[in-house]
Every structure is written in C-alpha cells, then in structure tokens.
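> model the following, please.
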Amino acid sequence: MARRRRLSNRIRALLGIFWVLVVALVAVYLVEGRSSELTGISSIFSHMDLYFLAPLLVLECGSMAAYAQLQRSMLMAGRVDTGFWRILAIFLSSNSITNIVPGGAAFASVYSYRRFRDVGASEGLSGWAVLAANVLAAMSLLLLAIVGLVISEGSLSGISLTGSLVSVGIVLVGAFLLVARAERVIRAVGTLLGFLEHLLNASWKVTRKVSELERDIRDISPSGSRLARAFIWGLVNWIFDASVLVIAYFATRSPVPFLGLLLAYSAGQLAANFPITPGGLGVVEGSISIALVAYGGNQEASIAAVLLYRLFSFWIWLLPGIGCYFGLRLKTPAAGREAVGSKLIFEEGKHG
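Below is the predicted model:
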C-alpha cells in the first residue's frame with residue numbers, strides 16, 4: 001500500500017511538471033504567433049524603470065496575503081484557525097492548480113476543501129468556507145467593475161457591459177444569501193427530502209447526508225461584521241492586484257489609461273475563470289490589452305504593461321505554489337491527516 005501511494009505521488013509530481021511545461025509552451029506559442037502586434041514592446045522593456053519592480057512584488061504579495069486572510073476568516077466563522085501561514089500555503093497551492101490546469105478553478109476548490117478538512121474543519125464548514133470565500137471575492141470584484149463602469153462615464157464599451165454586470169450581480173446576491181443563511185437553506189432542503197421520503201415510503205442516503213451537513217452548519221456563525229471584514233479582505237486583494245497593473249505602466253514609463261483601467265481589469269479577471277486555457281493564459285492578456293487600448297491606451301505600452309503585470313500576478317507564483325503543494329503533502333501524510341488538530345477559537349470578537 002505504501003509503495004502504491006509513493007508511486008501515485010510520483011505520477012502526480014510528473015503530471016504537475018508536465019502541466020507547467022505545457023503552460024510555458026502555450027505562452028511561447030501565443031507570443032510568437034503575435035509577433036507583429038508586439039513590435040516595439042522590446043524597446044519599452046529596455047527602458048523599463050527597475051525601481052518599480054520592488055513595489056510590484058510587494059503589492060502582489062499583499063494581494064495574495066489578503067485572499068488567504070479572506071479564507072482564514074471563513075474558517076474562523078466555524079471556530080477553526082490553523083494559522084495564517086498554513087492557510088497561505090493552501091491558497092498558493094490552489095492558485096497554482098487554478099493556473100496550471102484548464103478549468104482549474106473547480107479542481108482548486110476541491111483541493112481547498114480537502115486541505116480545510118485536513119486542518120480540522122468539518123465537511124460542512126469546509127464546503128461553506130470554499131463557497132463563501134469565492135462568493136465574497138466575486139462580489140468585491142463586481143464592486144470594482146461597477147466603480148470602473150461609473151468612471152468610464154458611459155462610453156460605448158461600458159454601456160455594453162451594464163446588462164452583464166446586472167446579471168452577475170443578481171446571481172451573486174443569491175449566492176450570498178445562500179452563504180449568509182446556509183443553516184436555513186440546508187434545513188429547508190432536509191425538510192423537503194424528509195417529506196418526500198415519507199410520501200414515497202423511501203429511504204435515501206442523501207437525506208442523512210443533508211442532516212449531517214445541517215449539524216455541521218449549526219456551528220458556523222457568519223455574523224454581519226465577520227462577513228463585512230471578509231468582504232474587505234477580498235476587496236483589498238483586488239485593489240492590490242489592480243495596483244500592480246498601474247505600477248506596471250509606471251515601470252514601462254507609459255501613460256496610464258485610468259478611464260477604463262478598472263473596467264478592463266475586472267473583465268480580464270472574469271476571463272481568467274473561463275475554462276479555455278490554464279489560468280486564462282492568453283485570454284487575460286488579450287482582453288485587458290484590447291480594453292485598455294479601446295479606452296485610449298497606447299497599444300505597445302498597454303501590451304508591455306499587461307505582460308509585466310502577468311509576470312508578477314501569474315508566472316512567479318507557479319513554482320512557490322507547487323512547492324507549497326508538495327510541502328503540505330509531506331507535512332500532513334495521508335495516514336495521519338485525520339489526526340491533524342486545529343486551534344478552536346471561542347472568542348467571537350477575535351480578529352478574523
């Protein structure tokens with residue numbers, strides 16, 4: 001059994017390396033295939049102000065830390081706290097999965113769920129924490145998109161996105177209500193299943209599973225103040241990340257098209273979640289660059305700034321994330337995962 005497990009780990013490691021190489025080859029292909037569009041960018045990079053590289057790295061580190069704190073806050077709603085650094089390692093691992101595997105957001109959510117279980121969270125809390133973090137992060141991104149829409153002053157591109165933002169907003173409000181009232185929703189589902197069982201004289205495993213989830217959810221206390229703090233952490237994550245794009249313009253000594261920057265950035269982040277390429281590779285760069293140029297940005301300068309932004313927000317985190325992935329597996333071997341403890345926090349007022 002141990003030999004089979006080691007073989008499985010080696011296969012997974014090789015698959016991880018394979019996907020990194022695939023992502024790199026796709027990037028090279030995309031760049032070479034658009035060589036005519038990249039004319040002049042090398043000259044912009046050659047005059048790049050290196051003093052801005054440190055702020056780029058610091059801001060992106062702050063973005064990563066803010067999202068990890070968002071996830072930690074959601075676990076603390078269920079009185080489970082494994083510490084900031086472990087949650088950061090889990091997030092960096094899941095982030096690499098998102099950026100390496102096509103449609104990786106789904107795989108990353110499953111991975112985060114399993115790692116939350118490893119640190120002592122129940123099934124209900126783990127699933128709720130993953131859902132809540134994604135919903136609150138999406139809502140904070142939507143807020144930035146709305147602010148960007150207002151700043152764009154009703155230009156043609158902005159008007160075309162209004163309907164889409166309203167639709168996304170309606171879906172997110174529904175998802176937020178599910179997160180904030182999870183116990184009531186699960187109880188209602190359990191009651192409905194119980195009624196159907198009685199009516200049909202049946203016995204379903206899913207009914208017992210829902211009852212177990214309801215017991216888990218009872219231990220979660222998503223107070224308004226905690227959800228508000230988590231939302232702010234999500235907003236800080238996006239603001240820091242968007243600031244990296246702004247600083248990238250400064251680094252390339254190019255004028256910043258502030259008019260459409262927030263809207264272009266938000267559209268690029270939404271494109272990153274489309275299961276077309278790993279981490280939205282190529283799609284994100286293209287969507288942000290096109291939108292920035294449409295709002296008056298110089299084509300060569302915008303592409304250079306976006307490529308520099310993606311270097312700090314995408315590429316440099318792949319290897320640390322993979323390292324955290326294997327580090328977590330070594331620290332929590334499969335045989336002992338259920339024995340991993342976590343500190344319980346009963347003081348609701350403690351900072352999340």
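
> residues contacting the closest residue in space to residue 268 that isn't next to it in sequence?
Taking C-beta to C-beta, 6 or more residues apart in numbering as the measure, residue 268 lies nearest to residue 288, with 3.7 Å between them; neighbours along the chain are not counted. Yep, even glycine has a C-beta here, placed from its N, CA and C like the rest. For residue 288, the contacting residues are 245, 264, 265, 267, 268, 306, 309, taking C-beta atoms under 8 Å, 6 or more residues apart in numbering as the criterion.

> those residues: which two are farthest apart?
Of all pairs drawn from those, the widest gap by C-beta to C-beta lies between 267 and 309 and measures 14.0 Å.

> more neighbours: which of these two?
Neighbours around residue 267 and residue 309, counted as other C-beta atoms under 10 Å, are more numerous at residue 309. The numbers are 26 against 21.

> state the helix or strand in which the more buried one lies.
According to DSSP states H and E, residue 309 maps onto helix 299-313.

> shouldn't residue 134 be in contact with residue 109?
Yes. At 7.0 Å, residue 134 counts as touching residue 109 under the criterion of C-beta atoms under 8 Å.

> now the strands for the chain?
Counting by DSSP state E, the chain has strands at residues 80-81, 343-344.

> compare the ones you listed and say which comes out lowest on pLDDT.
When those are compared on average pLDDT, strand 343-344 comes out lowest at a mean of 42.

> residues near residue 196, how many?
Using other C-beta under 10 Å, residue 196 has 12 other residues around it.

> nearest residue to it other than its sequence neighbours?
Nearest-residue entry for residue 196: residue 202, 7.5 Å, with adjacent residues in sequence omitted and distances by C-beta to C-beta, 6+ apart.

> ranges for the helices of the stretch 101-250 of the chain?
Counting by DSSP state H, counting those that start in this stretch, the stretch 101-250 of the chain forms helices over residues 104-118, 123-151, 156-180, 182-200, 205-218, 224-251, given from the N-terminal end onward.

> residue 253 touches residue 48, doesn't it?
Yes. Using C-beta under 8 Å, residue 253 and residue 48 qualify as a contacting pair, with a distance of 7.4 Å.

> what pLDDT does the model give the nearest residue to residue 322 once chain neighbours are set aside?
Spatial nearest neighbour of residue 322, excluding adjacent residues (C-beta to C-beta, 6+ apart): residue 96 at 5.4 Å. On the pLDDT scale, residue 96 is placed at 87.

> what's near enough to touch residue 96?
By C-beta under 8 Å, 6+ apart, the contact set of residue 96 is 317, 318, 320, 321, 322, 324, 325.

> good, wrapping up.
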